[in-house]
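1. Pasting a predicted model and its sequence here:
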Amino acid sequence: MKAAIEVRGLGLRYRLYPSAFDRLKQIVAGERKRFYREQWALRDVTFDVAEGRSFGIIGPNGSGKSTLLKVVCDLLSPTEGLVRRRGRLAALLELGAGFNAEYTGRENVFLNASLLGMPREQIERVYPEIVAFSQLADFMDQPVKTYSSGMFVRLAFSVAAHVDPEVLVVDEALAVGDAVFQHRCMKKIADLRARGTTILLVTHDMNALSSLCDEAMWIEEGRVRLVSSPREIVQRYLAWVYENRDSELRISSEVGRSGVLRYGDGRARLERWGVVDETGGATTMLVPGERYEVVLDAAFHADVAEPILGFQIRDPFGRELISMNTTERGTPLPPARAGERLTVRFAFPWPELAETDYSLSPAVASGTQENHTVLDWIDGDVILRSVPTSRVLGLFRPHDVTLAVERRGTEVPRPEGS
């Protein structure tokens with residue numbers, strides 16, 4: 001399979017001067033003396049994005065993600081390495097990129113689309129679709145400098161998504177839009193992906209990374225940390241996030257015998273976890289409508305003032321379907337002392353889901369719902385199989401659905417004089 005984007009040994013170096021006067025001294029001195037320090041924004045970055053595939057990039061703020069996209073889009077020149085692209089590329093980068101603030105929305109649509117190589121006749125054909133998707137019909141003849149940030153993003157994404165791109169590059173600018181528009185954008189990206197468009201996506205949304213991307217890359221301090229499946233990237237990145245959220249806390253991570261990632265600070269450890277049926281027997285085959293218990297048993301090796309036990313159930317793409325914990329369910333646990341054990345049982349009827357595998361991730365933490373520290377997390381250790389009693393259209397089949405049908409007659413006008 002051909003690569004739509006090839007990146008080889010990419011590096012981008014900046015020269016940082018203490019003052020403007022030092023920059024002037026550098027011009028005079030040439031290369032005889034250095035008045036700057038070097039800062040590498042990117043170093044030795046290598047990856048491929050195959051044609052028709054979707055590639056996601058995650059990493060902390062300041063890791064070089066947006067800079068990398070600018071180099072890929074030829075907006076910045078690399079210090080070393082190379083980038084090869086094939087096909088018409090449309091990009092949505094930082095807010096305002098590629099737009100003239102003095103032009104109207106209409107003028108910017110035609111300007112951007114023409115810069116992407118689309119002939120005017122074709123732009124005129126897709127223009128109504130762009131306006132309809134952006135929902136800015138009443139503002140298209142106003143200068144975009146009068147637009148809010150959300151309006152700006154809506155128009156920019158609408159143009160990028162409707163110029164029939166062979167490669168679509170999307171940065172985190174979508175985070176500026178409202179939740180409804182973000183949902184519509186993700187649906188549009190999924191549609192483009194289904195049509196064979198190559199997609200390069202930077203996001204902090206783990207669900208978007210899992211559901212939209214075929215492969216993913218974790219970048220940190222300008223270097224590639226890992227290129228792998230979205231599921232593994234999410235697992236390892238979240239473990240790293242917890243490891244670095246508190247400078248005084250170093251969380252140990254380990255990989256279990258089956259390749260399952262486990263991490264936590266070790267003050268408590270899960271000793272037993274799984275699903276049992278109404279007879280108390282362990283099971284991994286779950287029938288919709290029947291009640292089951294998720295059982296979590298934790299041993300505490302240090303005093304924990306605010307213990308929390310809970311779990312997540314995810315689909316095969318890593319998207320979170322069910323998430324419960326003791327605090328969220330309104331049952332805060334008493335302080336736990338070193339040497340104590342806590343067993344928690346979550347009982348609920350299994351929802352009607354599509355017949356596929358789901359993973360159970362148990363956890364014990366300390367703190368509050370909004371601010372907590374992971375003591376022990378086992379990512380996707382138990383695989384559950386939903387066995388629906390009937391065909392499920394989509395992922396879920398809601399229960400207790402009522403259906404109302406109202407039929408109205410159509411009056412046929414009588415001919416005049418009858």
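-> Looks like it came in fine.

2. CA only for contacts and neighbour counts going forward, please
-> Will do.

3. Could you measure from the residue most central in space within the chain over to residue 237?
-> Compute the mean C-alpha point of the chain, and by Cα atoms, centre = their mean the closest residue is residue 205, 2.6 Å away. In this view, residue 205 and residue 237 are 12 Å apart by Cα to Cα, to the nearest Å.

4. cool, residue 324 as well?
-> Taken as Cα to Cα, the span from residue 324 to residue 237 is 22 Å.

5. quick one, which of these two is more surrounded?
-> Between residue 324 and residue 237, residue 237 has the larger neighbour count (other Cα atoms under 10 Å), namely 20 against 14.

6. Mind telling me what element that one is part of?
-> Using DSSP states H and E, residue 237 sits in helix 230-244.

7. And that helix, what's buried?
-> Buried positions in helix 230-244, judged by neighbour count with 16 or more other Cα atoms under 10 Å: 230-237, 239, 242-243.

8. Then stretch 344-356?
-> Quick answer for stretch 344-356 (16+ other Cα under 10 Å): 344-346, 351-355.

9. Same check on stretch 12-23?
-> Using 16+ other Cα under 10 Å as the burial criterion, the residues of stretch 12-23 that qualify are 12, 17, 23.

10. Just give me the closest of those to residue 374.
-> The nearest member of the buried residues of stretch 12-23 to residue 374, counting by Cα to Cα, is residue 12 at 36.2 Å.

11. So for the closest one, what's the pLDDT?
-> In this model, residue 12 is scored at 95, pLDDT.

12. So which residues of the stretch 1-150 of the chain form strands?
-> For the stretch 1-150 of the chain, applying DSSP state E, counting those that start in this stretch gives strands covering 3-16, 37-50, 54-58, 80-85, 89-92.

13. Over to the stretch 251-400 of the chain?
-> Going by DSSP E, counting those that start in this stretch, the stretch 251-400 of the chain shows strands at 252-255, 261-264, 268-276, 285-286, 291-300, 307-314, 320-325, 341-349, 352-353, 357-367, 372-378, 382-386, 396-397.

14. OK, contacts around residue 135?
-> residue 154 (Cα atoms under 8 Å, 6 or more residues apart in numbering).

15. Just list whatever residues bridge to residue 383.
-> Bridge pairing for residue 383 (DSSP bridges) gives the partners residue 359.

16. and it, what is it in contact with?
-> Residue 383 is in contact with 284, 357-360, counting by Cα under 8 Å, 6+ apart.

17. Only the buried subset of those, as a PyMOL command please.
-> Buried residues among these (16+ other Cα under 10 Å), as a PyMOL selection:
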select buried, resi 284+357+358+359+360
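
18. Among the contacts of residue 383, which has the minimum pLDDT value?
-> When these are compared, the smallest pLDDT is that of residue 357, 81.

19. who touches stretch 5-18?
-> 23, 35-51, 77-86.

20. List only buried entries from the residues you listed.
-> Of the contacts of stretch 5-18, these count as buried by 16+ other Cα under 10 Å: 23, 35, 41-43, 45-51, 77-78, 81-83, 85.

21. starting at the chain centroid, how far to stretch 266-281?
-> How far stretch 266-281 lies from its chain's middle: 30 Å, per Cα atoms, centre = their mean, to the nearest Å.

22. buried ones in that stretch?
-> For stretch 266-281, the buried set under the neighbour-count rule, 16+ other Cα under 10 Å, comprises 266-270, 273-277.

23. now, which of the contacts of residue 383 sits nearest residue 334?
-> So of the contacts of residue 383, ranked by how close each gets to residue 334 (Cα to Cα), first place is residue 360, at 25.0 Å.

24. show me what contacts the closest one?
-> 274, 311-314, 379-384.

25. how about a cut-off of 6 Å?
-> Residue 360 makes contact with 312-313, 380, 382 under the criterion Cα atoms under 6 Å, 6 or more residues apart in numbering.

26. Pick the one among the residues you listed closest to residue 331.
-> residue 312 (17.3 Å).

27. Quick check, pLDDT for the closest residue to that closest one other than its chain neighbours.
-> Leaving out its chain neighbours, the residue that sits closest to residue 312 by Cα to Cα, 6 or more residues apart in numbering is residue 323, at 4.4 Å. If you check residue 323, the pLDDT there is 91.

28. The residue nearest to residue 367 when sequence neighbours are not counted: how many residues sit nearby?
-> Closest residue to residue 367 apart from its sequence neighbours, by Cα to Cα, 6+ apart: residue 306 at 5.1 Å. Using other Cα under 10 Å, residue 306 has 16 neighbouring residues.

29. From residue 294, how far out is residue 306?
-> For residue 306 relative to residue 294 (Cα to Cα), the value is 21 Å.

30. And residue 334, by the same measure?
-> 20 Å.

31. Then residue 199?
-> Counting by Cα to Cα, the separation of residue 199 from residue 294 is 38 Å.

32. now do residue 205
-> 27 Å.

33. Quick check: closest non-adjacent residue to residue 349.
-> Once flanking residues are discounted, residue 349 sits nearest to residue 291: 4.0 Å by Cα to Cα, 6+ apart.

34. Just to check, that neighbour is in contact with residue 352?
-> No - judged on Cα atoms under 6 Å, residue 291 makes no contact with residue 352 at a distance of 12.0 Å.

35. what's the pLDDT at the residue lying closest to residue 66 once chain neighbours are set aside?
-> In this structure, residue 66 finds its nearest non-sequential neighbour in residue 171, 6.7 Å apart by Cα to Cα, 6+ apart. With respect to pLDDT, residue 171 scores 84.

36. cool, the one 10 residues further on as well?
-> On the pLDDT scale, residue 181 is placed at 75.

37. what's the spacing between it and residue 151?
-> 10 Å.

38. Likewise for residue 157?
-> For residue 157, the distance to residue 151 equals 10 Å [Cα to Cα].

39. which residues pair with residue 202 across the strands?
-> residue 57.

40. hmm, back to that, who wins for proximity to residue 118 among the strands of the stretch 251-400 of the chain?
-> Of those, nearest to residue 118 by Cα to Cα is strand 320-325, at 39.7 Å.

41. As CSV, could you dump the C-alpha coordinates of the closest one?
-> Provided in CSV are the C-alpha atoms of strand 320-325 (Å, rounded to 0.1, in the frame of the first residue of the first chain):
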residue,chain,number,x,y,z
GLU,A,320,-15.8,3.8,27.1
LEU,A,321,-19.3,2.3,27.4
ILE,A,322,-19.8,1.8,31.1
SER,A,323,-18.0,3.5,33.9
MET,A,324,-18.9,3.2,37.6
ASN,A,325,-17.2,3.9,40.9
